[in-house]
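>>> output the structure for:
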Amino acid sequence: MVSVDTTAIPGLLVVHLDVHGDNRGWFKENWQREKMTALGLPDFGPVQNNVSFNGSAGTIRGIHAEPWDKFVSVAAGRAFGAWVDLREGETFGQTFWIELNPATAVFVPRGVANSFQVMEDDTAYSYLVNAHWRADATYTNVNLLDPALAIPWPVQITEMSDKDKNHPLLADVTPMAPKQTVVLGANGQLGRALRKARPDFLFYDRSTVDLADPATFDAVPWDDVQTIINAAAYTNVDGAETPDGRRDAWAVNVTGVAALARIAIEKNLTLVNVSSDYVFDGTVEEHPVDEPLSPLGVYGQTKAAGEAVTSTVPRHYIVRTSWVIGEGKNFVDTMRRLARDGVSPSVVNDQIGRLTHADELAAGILRLLETSAPYGVHHVTGGGDPKSWADIAREVFAEEGRDPADVTGVSTEEYAAGKPTAPRPRHSALARN
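Residues are numbered from 1 along each chain as shown. Next up is the predicted model:
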């Protein structure tokens, strides 16, 4: 029966395999995705299988850390495997070793250095990896014979490459940095809130990565990325109803998201795509997560299509939100300016929803990632009772010392009279998960 043991190195797992033998030899399932992921191994998506054949007992190789995961095993013979954690963090320098035979395999996470010594002649050492080798990758190595590691190599060393002899000592090694989280739409309200919360993320604005032009995606070092947060979108609801706006909205909110989804699938990344209350028609007072989509206008249609595309990514979060306000142009700032300028505006009073501060939305997204929340659709919005735009405007006026009665409530039809406006949901409140 296949079983898995943890080790002193976080994420380094020892797998005990079933080996079935008879007079012909033996057979084993070296990697069986369904069984092994059920036992807690990562679904790491191997793309390349390498085999190292070693003719003489005592041959030694390593210690190498590459920016990808490995699943190592012995196809024939015996080997002594040793691993050193070379990742940034408290466990840097932690070691682990074990004897490997056909019944034992080890999952080696990115940044943990791998090495082995052959204990029998004609030993074949096999490893699956989830990225193709490339010359420009970051490789972190440490010397096999560093006394600080105290690795008890069991056999007299017979063969060792000059390159391995010259690897640095542990004290001289630069730890391998973790994979990055990429934020697209860095200059939007959510992008700015995410930058404030996590300045260590990689941020790209439209001048560098434009969702309408997937050719610009090459600016991102995708092999060093683990998560994409798509905070970029075409959000001009009324403009999306025009011929040019319709094309732009579909290019950004659907075609661009589809390109992100392809990258996320190919490289086993997590994709976070921010969606909107506009995917609903607003005919119920509060929209549950599992409500069927029913967008009214082009903008909502593109966000609904973007959700469908995002859902094809195995590791995905669709984050629906509503009425976002943050750093930059937004409704509350506009009402504050009008109040200070002595204007008495007419504001829609039959569209009901909840404001969501960009900081709150950013915190909700980070919480999903940090807690490894279940993949799928999540609603992240402000709390409190739903209010109309006119109610919110009156609260802003009161805060600015103006009479709330200076805000006149009007219907959507009255407000839109003579204006090219898109259909909007009357109820935008989202029920939380």
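
>>> for the record, mean pLDDT for the helix or strand containing residue 73?
Secondary structure assigned from DSSP states H and E places residue 73 in strand 70-76. Mean per-residue pLDDT for strand 70-76: 95.

>>> likewise stretch 212-228?
Here the average pLDDT along stretch 212-228 is 93.

>>> ok, stretch 25-40 next?
pLDDT averaged over stretch 25-40 gives 91.

>>> first-to-last residue distance for it?
Length of stretch 25-40, first residue to last, Cα to Cα, to the nearest Å: 30 Å.

>>> can you check stretch 409-425 too?
17 Å.

>>> got the buried residues for it?
Neighbour counts over stretch 409-425 (16 or more other Cβ atoms under 10 Å) mark 409, 410, 412, 415, 416, 422, 423, 424, 425 as buried. Glycine gets a C-beta too; all of them are placed from N, C-alpha and C.

>>> report the contact partners of the third one.
The one in question is residue 412. 348, 350, 351, 424, 426 (Cβ atoms under 8 Å, 6 or more residues apart in numbering).

>>> in strands only, show me those residues.
residue 348 (DSSP state E).

>>> on that earlier part again, who does the strand holding residue 73 pair up with?
Using DSSP bridges, the strands paired with strand 70-76 are strand 104-108 (antiparallel), strand 123-129 (antiparallel).

>>> distance between that strand and the chain's centre?
Here strand 70-76 is found 29 Å from its chain centre; the criterion is Cα atoms, centre = their mean, to the nearest Å.

>>> ok, now stretch 357-373?
Computed by Cα atoms, centre = their mean, the chain-centroid distance of stretch 357-373 equals 12 Å.

>>> then stretch 396-414?
41 Å.

>>> end to end on that stretch, go ahead and measure it.
Stretch 396-414 end-to-end distance (Cα to Cα) = 22 Å.

>>> likewise for stretch 39-57?
33 Å.

>>> repeat that for stretch 172-189.
End-to-end span of stretch 172-189 (Cα to Cα): 42 Å.

>>> so what's residue 432 scoring on pLDDT?
82.

>>> kindly report the same for residue 352.
Residue 352 is given a pLDDT of 96.

>>> for residue 322, same thing?
For residue 322, the pLDDT comes out at 96.

>>> any idea how far the nearest residue to it once chain neighbours are set aside lies from residue 318?
Distances taken as Cβ to Cβ, 6 or more residues apart in numbering place residue 277 nearest to residue 322, at 4.0 Å, with adjacent residues excluded. Distance from residue 277 to residue 318, counting by Cβ to Cβ, to the nearest Å: 13 Å.

>>> coming back round to it: let me see the contact set for the residue nearest to residue 322.
287, 320, 321, 322, 323, 353, 425, 428, 429, 430.

>>> dump these into a markdown table; add secondary structure and distance to residue 98 as well.
Shown next, in a markdown table, are the contacts of residue 277 (DSSP: H, G, I helix; E, B strand; the rest coil; distance: Cβ to Cβ, whole Å):
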| residue | secondary structure | distance to residue 98 |
| --- | --- | --- |
| 287 | strand | 53 |
| 320 | strand | 47 |
| 321 | strand | 48 |
| 322 | coil | 53 |
| 323 | coil | 55 |
| 353 | strand | 57 |
| 425 | coil | 59 |
| 428 | coil | 57 |
| 429 | coil | 55 |
| 430 | strand | 50 |
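
>>> and the helices in this protein?
Taking DSSP state H, the helices of the chain run over residues 33-38, 162-165, 189-197, 243-250, 257-267, 298-310, 331-340, 358-370, 389-399, 412-416.

>>> reformat the ones you listed as TSV; add distance to residue 96.
Formatted as TSV, the helices of the chain follow (distance: least, Cβ to Cβ, whole Å):
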stretch	distance to residue 96
helix 33-38	19
helix 162-165	19
helix 189-197	35
helix 243-250	51
helix 257-267	28
helix 298-310	38
helix 331-340	54
helix 358-370	27
helix 389-399	57
helix 412-416	65
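
>>> tell me which of the ones you listed sits most buried.
The highest mean neighbour count among those, using mean count of other Cβ atoms under 10 Å, belongs to helix 298-310: a mean of 23.

>>> separate out the buried members of the contacts of residue 412.
Buried by 16+ other Cβ under 10 Å: 348, 350, 351, 424, 426, out of these.

>>> turn the residues you listed into CSV, including distance to residue 298.
Output for the buried ones among the contacts of residue 412, formatted as CSV (distance: Cβ to Cβ, whole Å):
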residue, distance to residue 298
348, 20
350, 22
351, 18
424, 12
426, 18
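
>>> which one of those is nearest residue 297?
residue 424 (7.2 Å; Cβ to Cβ).

>>> now that closest one: closest residue in space that isn't a chain neighbour?
residue 351 (6.0 Å).

>>> can you pull the contacts of that neighbour?
Contacts of residue 351 by Cβ under 8 Å, 6+ apart are 282, 388, 389, 412, 424, 425, 426, 427, 428.

>>> do residue 53 as well
Residue 53 neighbours (Cβ under 8 Å, 6+ apart): 122, 123, 124, 125.

>>> wait, the second one sits on residue 80?
No - here residue 123 does not reach residue 80: they are 10.3 Å apart, not a contact under Cβ atoms under 8 Å.

>>> what about the strands in the stretch 51-200 of the chain?
With DSSP state E, counting those that start in this stretch as the criterion, the stretch 51-200 of the chain has strands at 60-65, 70-76, 79-85, 95-100, 104-108, 112-118, 123-129, 140-141, 180-184.

>>> roughly how far is the shortest one from the heart of the chain?
Centre-to-centre, strand 140-141 and its host chain are 25 Å apart (Cα atoms, centre = their mean).

>>> check which helices and strands that strand sits against.
strand 60-65 (3 or more Cβ pairs under 8 Å, 6 or more residues apart in numbering; DSSP states H and E).

>>> rounded mean pLDDT for the strand it packs on, please.
95.

>>> next, the angle from it to strand 70-76.
Angle of strand 60-65 versus strand 70-76, following axes from the mean of the first three to the mean of the last three Cα atoms, to 10 degrees, is 170 degrees.

>>> list the contacts of strand 60-65.
Residues contacting strand 60-65 (Cβ under 8 Å, 6+ apart): 52, 54, 82-84, 86, 110-118, 125, 139-144, 153, 157, 159-161, 164, 167, 176.

>>> got it, and stretch 365-374?
By Cβ under 8 Å, 6+ apart, stretch 365-374 touches 181, 194, 197-198, 227, 229, 270, 272, 274, 317, 319, 378, 380.

>>> can you list the residues you listed in a markdown table and add distance to residue 105?
Converted to a markdown table, the contacts of stretch 365-374 look like this (distance: Cβ to Cβ, whole Å):
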| residue | distance to residue 105 |
| --- | --- |
| 181 | 30 |
| 194 | 39 |
| 197 | 39 |
| 198 | 36 |
| 227 | 28 |
| 229 | 34 |
| 270 | 26 |
| 272 | 33 |
| 274 | 40 |
| 317 | 32 |
| 319 | 37 |
| 378 | 36 |
| 380 | 40 |
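
>>> right, I'll call it a day here.
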